[in-house]
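> Just the structure for this:
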Amino acid sequence: MKDNSELLQSAMAQSAEEAAAYLRTLSNPARLLLLCQLVEGPKRVGELEEALGLAQAYVSQQLARLRADGLVNSEKEGRIVRYSLADERVVTLVQVLYDLFCAQPKAGS
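Take a look at the predicted model:
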């Protein structure tokens, strides 16, 4: 039977694997830009395409990867699909990255 320290170490190792998977997904600049857009709220593919100046096919491809990796959700409204951040952990992680790298600098900074 495993003692508490072995169970804790096993849980930490599993969490580290999950975090590493998130970070691998975030290592692509286009996916990070998409997530920074979504931290502001749900958006359609066309809105993301326009905001980032990227082709629709490329945006859709990156959103599919983000969805497969569990970082975004999609919600269909008729023919329109809206994307949003998947859960509070993703929101927190992306918000920190957004604040550090995506947000516009304040005047005088």
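> any idea where the strands of the chain begin and end?
Shown for the chain, the strands assigned by DSSP state E span residues 43-44, 72-77, 80-85.
> And the last one, what does it pack against?
Contact partners of strand 80-85 among helices and strands, from 3 or more C-beta pairs under 8 Å, 6 or more residues apart in numbering; DSSP states H and E: helix 29-38, strand 43-44, helix 45-52, helix 56-68, strand 72-77. All C-beta atoms are positioned from the backbone trio N, CA, C, and that covers glycine.
> With the second one instead?
The elements that strand 72-77 packs onto, with contact taken as 3+ C-beta pairs under 8 Å, 6+ apart, are helix 29-38, helix 56-68, strand 80-85.
> still on that earlier bit, now, of the strands of the chain, which is deepest in the fold?
Ranked by mean neighbour count, the strands of the chain are led by strand 80-85 with a mean of 17 (mean count of other C-beta atoms under 10 Å).
> Mind listing residues that contact that strand?
With C-beta atoms under 8 Å, 6 or more residues apart in numbering as the contact definition, strand 80-85 has outside contacts at 34-35, 38-39, 41-45, 48, 63, 66-67, 71-75, 91, 94.
> Mind pulling the model confidence for N73?
Reported pLDDT at N73 in the predicted model: 96.
> Same question for the one 4 residues further on.
At E77, the model reports a pLDDT of 88.
> Let me have the helices and strands packed on strand 80-85 in JSON lines, extended by distance to A20.
JSON lines is the format used below for those (distance: least, C-beta to C-beta, whole Å):
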{"stretch": "helix 29-38", "distance to A20": "15"}
{"stretch": "strand 43-44", "distance to A20": "27"}
{"stretch": "helix 45-52", "distance to A20": "26"}
{"stretch": "helix 56-68", "distance to A20": "16"}
{"stretch": "strand 72-77", "distance to A20": "19"}
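> right, and the ones you listed - which one's nearest L23?
helix 29-38 (10.7 Å; C-beta to C-beta).
> Rounded mean pLDDT for that closest one, please.
On average, helix 29-38 scores 92.
> name the helices or strands packed onto the longest helix seen in the chain?
What stands out as the longest helix in the chain, according to DSSP state H, is helix 4-26. Judged by 3+ C-beta pairs under 8 Å, 6+ apart, helix 4-26 is in contact with helix 29-38, helix 88-97.
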